[in-house]
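Colleague: Quick one, what's the 3D model for this:
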Amino acid sequence: MKVNEMMSRDVCVVGPDESLKNAATLMAENDIGSLPVGEGDRLVGFLTDRDIVVRALARGVGPDAKVREVMSADVKYCYDDEDVEHVANNMADLEVRRLPVVDRDKRLVGVVSLGNFAQSGDRSAAQDLLRGVAAPH
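Modeller: Okay, the predicted model is just below:
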């Protein structure tokens, strides 16, 4: 099975110059914990609810700060035509629960998450990923 067969395609994206408040509102409205950060048609970062808490609020950065100030700019991603076993092992090694999915032109086409793996029917890939993200640090 390929990633594009199980990924979420309906992805909310936030701009790097939007405020953290806007990003948090978008997360709340869509009941999600992360947002790809896009500029034009390119993926330039990734923002999680943990980034907002740990990199912003805990350091005294206010809600009007820009997303680019706290996002992860070193974005890990996978390609939409990659095999799910390979992506699950990669995510487990990276200890991440979600990963942006790009096409071969590196344009964002979706997000794949632990939940997608759990619902995919590929028990082996789901177990490999869960083992990697649930391991004590």
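
Colleague: Would you map the helices across the protein?
Modeller: In the chain, the segments counted as helices under DSSP state H are 20-30, 49-50, 84-94, 114-120, 123-134.

Colleague: Tell me where the protein is predicted with low confidence.
Modeller: Across the chain, the ranges flagged by pLDDT under 70 are 121-137.

Colleague: change it to 90
Modeller: Residue ranges of the chain with pLDDT under 90: 1, 10, 33, 40-42, 57-58, 85, 88-89, 91-98, 106-107, 113-137.

Colleague: Grab the nearest non-local neighbour of residue 39.
Modeller: In space, and not counting its chain neighbours, residue 39 is closest to residue 16: 5.7 Å by Cβ to Cβ, 6 or more residues apart in numbering. For the C-beta atoms, the positions are set from N, CA and C on the backbone; glycine is no exception.

Colleague: Can you name the residues that contact the one you found?
Modeller: Contacts for residue 16 (Cβ atoms under 8 Å, 6 or more residues apart in numbering) come out as 37, 39, 44-45, 66-68, 71.

Colleague: Check these for burial and list the buried ones.
Modeller: Buried by 16 or more other Cβ atoms under 10 Å: 37, 44-45, 66-68, 71, out of those.

Colleague: from the residues you listed, which ones fall inside strands?
Modeller: Members of the buried ones among the contacts of residue 16 lying in strands (criterion: DSSP state E): 37, 44-45.

Colleague: between the contacts of residue 16, which is closest to residue 94?
Modeller: The shortest gap between residue 94 and any of the contacts of residue 16 belongs to residue 45, at 15.9 Å (Cβ to Cβ).

Colleague: Give the bridge partners for the closest one, please.
Modeller: residue 37 (DSSP bridges).
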